[in-house]
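[1] Sequence and predicted structure, then a few things I'm wondering about:
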Number of protein chains: 2
Amino acid sequence: MTVAVKCPPRERIIDAARDLFRKHGIKGIGVDAIAEAADSNKMTLYRHFGSKDDLVFVCLKEAAAEADAFWEGIKAANPGDAKAQLRDWVRCAGEFVTVEHCNCELLDAAAQLVEIDHPARQFVEELRNLYRVRLVELCRAAGAADAELMVDALTLLVEGARTNWRSAGPGGAATRFVKVAEMIVDDFLA
Amino acid sequence: MTVAVKCPPRERIIDAARDLFRKHGIKGIGVDAIAEAADSNKMTLYRHFGSKDDLVFVCLKEAAAEADAFWEGIKAANPGDAKAQLRDWVRCAGEFVTVEHCNCELLDAAAQLVEIDHPARQFVEELRNLYRVRLVELCRAAGAADAELMVDALTLLVEGARTNWRSAGPGGAATRFVKVAEMIVDDFLA
DNA sequence: TGACAATGTTACCGATCCGTAACATTTATC
DNA sequence: GATAAATGTTACGGATCGGTAACATTGTCA
């Protein structure tokens, strides 16, 4: 017997979908498996989300909302201190790379959406731009000599960490992401 | 009428498969499409390669052989000069990220093989270890203070560049990979 | 030219997957 | 308890995909 209160099916389906999309990729998991993992069924899934593409879109939007909240949390936790916000960002990014349930599906999914004519593709590209602009502003506020290049470095590192974590796991280079990223930050702020 | 000399079907199939695996992912392309792109047919494909998994394996082995040749080329071009070899490696890695027909399918494919019980999975993991050991030795020979961490940084950067290139294209951070990586190298060798 | 190997063509099987239809069951609201 | 909405179950259709069988065609070499 399960003690946890059962959420409505829509939430359970979204949660299961985000988890499975992240683990197996968008094309790597079927709607039947998602519905079963959500302890629901395919019919209910299609009544809430008209298609698999729509479900993908909803998952991405929810992940984006969480990323927004996470960003606002960092800004609120270190009011006015850009350098502290930047270091906090690195630390949180490191957690998001290695911790199981994270928002990483955003960019991971984007890579799969490139070659496909997926309705969520434009949405992801706009998000990517937003995150970049935000981070550039933060680096500039922190006093970075070349904020654009600094964001390039951080972007490559965090995307690489995610890829490496997925393929190499805990024994790979991704576990040292924070160490490397902090070095880069110090380097650019020096 | 085509002027180019037609290779035997086996080579054409391998070339087409490597190209399409890289573009669409292993699960993203079917054997029919590969055979057609190779200007051949599915029957001939299955007579040369017993299964799609075998074809994947052969493609990975060929890409690994090319990576070996590329590595030996760097060592031969800068005999005895570890620092020059390292800078050459960065430059070549940058080309491999953005140039079309490259060996990048190795690690890209690895990420897809993780969750699948694929026969080539162990092969890819051994390759990853080999490349890491090689690069660590090179960094150590070049006088890196912390060769292990330096390889972590370079690994994350190059994997991130590949991911970013695939999803963001020429306008993304991947185009500045060489600039960032050279900075890292200088940083670790200082 | 004849014979044999390699390659191409067509059709098919079984499995999987997205999506839908029809009907049964549970849950909530009055 | 009655009614209606939400959810669950079963079955199916159409498409795709990995893989195979049978046969036709081309190329090669004696």
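    Received the coordinates, thanks.
[2] Closest residue of chain A to chain B?
    Per CB to the nearest CB, A:G160 is where chain A lies closest to chain B, at 2.8 Å. From N, CA and C alone the C-beta is placed, and that goes for glycine too.
[3] My guess is that residue contacts B:T155. True?
    Yes - distance between A:G160 and B:T155: 7.1 Å, which falls inside the contact criterion (CB atoms under 8 Å).
[4] which one of the two has more residues nearby?
    A:G160 (28 against 25; other CB atoms under 10 Å in any protein chain shown).
[5] which ones are touching A:A84?
    Each residue near A:A84 by CB atoms under 8 Å, 6 or more residues apart in numbering or on different chains is listed here: A:N78.
[6] Identify the residue spatially nearest to A:D187, adjacent ones excluded.
    B:D187 (6.0 Å; CB to CB, 6 or more residues apart in numbering or on different chains).
[7] For that neighbour, report the pLDDT, please.
    Model confidence at B:D187, given as pLDDT, is 94.
[8] buried residues in the one helix or strand it maps to?
    Using DSSP states H and E, B:D187 sits in helix B:177-189. Buried residues in helix B:177-189, counting neighbours by 16 or more other CB atoms under 10 Å in any protein chain shown, are found at B:177-178, B:180-181, B:183-185, B:187-189.
[9] and the longest helix seen in chain A, does that touch chain B?
    Longest helix in chain A, counting residues (DSSP state H): helix A:52-77. No - legend: contact between helix A:52-77 and chain B by CB under 8 Å from any CB of the partner chain is lacking; minimum distance shown is 13.2 Å.
[10] which neighbours do A:G160 and B:T155 share?
    Common neighbours of A:G160 and B:T155 (CB under 8 Å, 6+ apart) are A:A173.
[11] Would you tell me what the next helix or strand after the lowest-mean-pLDDT helix or strand in chain A is?
    Sorting the helices and strands of chain A by mean pLDDT, DSSP states H and E puts helix A:105-113 at the bottom, at a mean of 65. Note on helix A:105-113: by DSSP H and E, the next helix or strand toward the C-terminus is helix A:121-141.
[12] what comes up buried for the helix or strand following that following helix?
    Per DSSP H and E, the first helix or strand lying C-terminal to helix A:121-141 is helix A:147-168. Neighbour counts over helix A:147-168 (16+ other CB under 10 Å) mark A:147, A:149-168 as buried.
[13] near DNA strand D, from those?
    Subset of these in contact with DNA strand D: empty, counting by CB under 7 Å from any atom of the strand.
[14] ok so, going back, now flag whichever of the buried residues of helix B:177-189 is closest to B:R91.
    B:V178 (6.3 Å; CB to CB).
[15] Where does pLDDT dip in chain A?
    Along chain A, segments meeting pLDDT under 70 span A:1-6, A:100-112, A:114-117.
[16] okay, now the domains of it?
    Using automatic domain parsing, the domain parsing of chain A gives A:7-50, A:59-189.
[17] Distance to B:G94 for the ones you listed - can I get that in a markdown table?
    Shown next, in a markdown table, are these (distance: least, CB to CB, whole Å):
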| stretch | distance to B:G94 |
| --- | --- |
| domain A:7-50 | 27 |
| domain A:59-189 | 11 |
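[18] By proximity to DNA strand C, which residue of chain A wins?
    Here chain A gets closest to DNA strand C at one residue, A:G30, 2.9 Å apart by CB to the nearest atom of the strand.
[19] ok, A:L189 touching A:A142?
    Yes - with contacts counted by CB under 8 Å, A:L189 reaches A:A142, the gap being 6.1 Å.
[20] Give me the common contacts of these two.
    The contact sets of A:L189 and A:A142 overlap at A:83, A:86 (CB under 8 Å, 6+ apart).
[21] what does chain A have sitting close to DNA strand D?
    Residues of chain A found near DNA strand D (CB under 7 Å from any atom of the strand) are A:8-10, A:39-44, A:47-48.
[22] Show me which of the residues you listed are buried.
    Restricting the residues of chain A next to DNA strand D to buried positions leaves A:9-10, A:40, A:44, A:48, with burial counted as 16+ other CB under 10 Å.
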